[in-house]
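*Asks:* Predicted model and sequence below, questions to follow.
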Amino acid sequence: MEQIDINSPEFQAELEKTWKFVEKVNKQFGFVQNPDSEVNEGVAMGLARNRLIYGKRYCPCFMVIGETPEERKAADNRICPCKPALEKEIPEQGYCHCGIFCTPEYAQKHAIEESLEEAVHLHSRGLTKEEAELLVTKEQLDAEELEALLEARDLGMVKFDLIDVREPMEYQMGHIKGVDELWPTSQFYDWFGKIQNRKDDTLILYCHTGSRSYQIQHVMKAQGFKHVGNLMRGIVSYGGEIVR
């Protein structure tokens, strides 16, 4: 799989085109961008990357299926702005799956909720060992649960490996402090064969919004991996420390 240098003139030129594309979509459909600029930046960079590699702006929050253009077309991969987003996700929930396109009403509501959450949400204590051992068995974790587990791991209460399944350029932009390994989704078949001896390990996966890690989680569980968790909504939902 081709690796993209995010600092190259080629990528930066494509990223500029992608932002113009985003502006055009917003104007055409009356959307606005997510109040969280990191969500927008991550999605835009993923769109630019896919455009350079595949020639189309495939949705960066889903695996691109197919080795050839014909196979990718037959697989009905999402191309931004995708049909599910326009016909179902945005009308019903106010934002597309990746989160870059929102209705004005959702964006305003989300901004208020974020401000309120930051003001009122306080943790009264850390986890006990028993609670940590129970929590690490959950298949779907929210951001606060993962943050609590990382704290518990630092205290020796629980053991697990945190795995980033995004692409190297996304990892370079920022990753969760405490991540143990990077297993890029685009290189899935390369690394999956090398971890067959780790089916008893406790693993927690995360990506940008939770889609890629969710897909990989289900493949791994179907192949006999016993303890695979997933960070719901991905790194964009994580309020803990990010290494940049």
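*Replies:* Cool, got the structure.

*Asks:* Need the contact partners of stretch 205-222.
*Replies:* The contact list for stretch 205-222 (Cβ atoms under 8 Å, 6 or more residues apart in numbering) reads 39, 42-43, 46, 60-63, 97-99, 139, 146, 162-166, 170, 176, 185, 188, 192, 203, 228-238. For glycine as for every other residue, the C-beta is placed from the backbone atoms N, C-alpha and C.

*Asks:* Quick check on the residues you listed: which are buried?
*Replies:* 39, 42-43, 46, 60-63, 97-99, 146, 162-166, 170, 176, 185, 188, 203, 228-238 (16 or more other Cβ atoms under 10 Å).

*Asks:* pull the longest helix from this structure.
*Replies:* In the chain, with assignment by DSSP state H, the single longest helix is helix 9-29.

*Asks:* Report the buried residues of that helix.
*Replies:* Here helix 9-29 shows 11, 14-15, 18, 21-22, 25-26 as buried, counting by 16+ other Cβ under 10 Å.

*Asks:* Could you find the closest non-adjacent residue to R233?
*Replies:* Leaving aside its chain neighbours, R233 sits nearest to G210 (4.9 Å; criterion: Cβ to Cβ, 6 or more residues apart in numbering).

*Asks:* What's the local residue count around the one you found?
*Replies:* 23 (other Cβ atoms under 10 Å).

*Asks:* and the gap between it and G30?
*Replies:* According to Cβ to Cβ, to the nearest Å, G210 stands 27 Å off from G30.

*Asks:* For the residue sitting nearest the centre point of the chain, which three-state class applies?
*Replies:* Geometric centre of the chain, nearest residue: H208, 1.5 Å, by Cα atoms, centre = their mean. At H208 the chain is in coil, as set by DSSP: H, G, I helix; E, B strand; the rest coil.

*Asks:* same deal with the one 4 residues further on?
*Replies:* Three-state call for R212 (three-state DSSP): helix.
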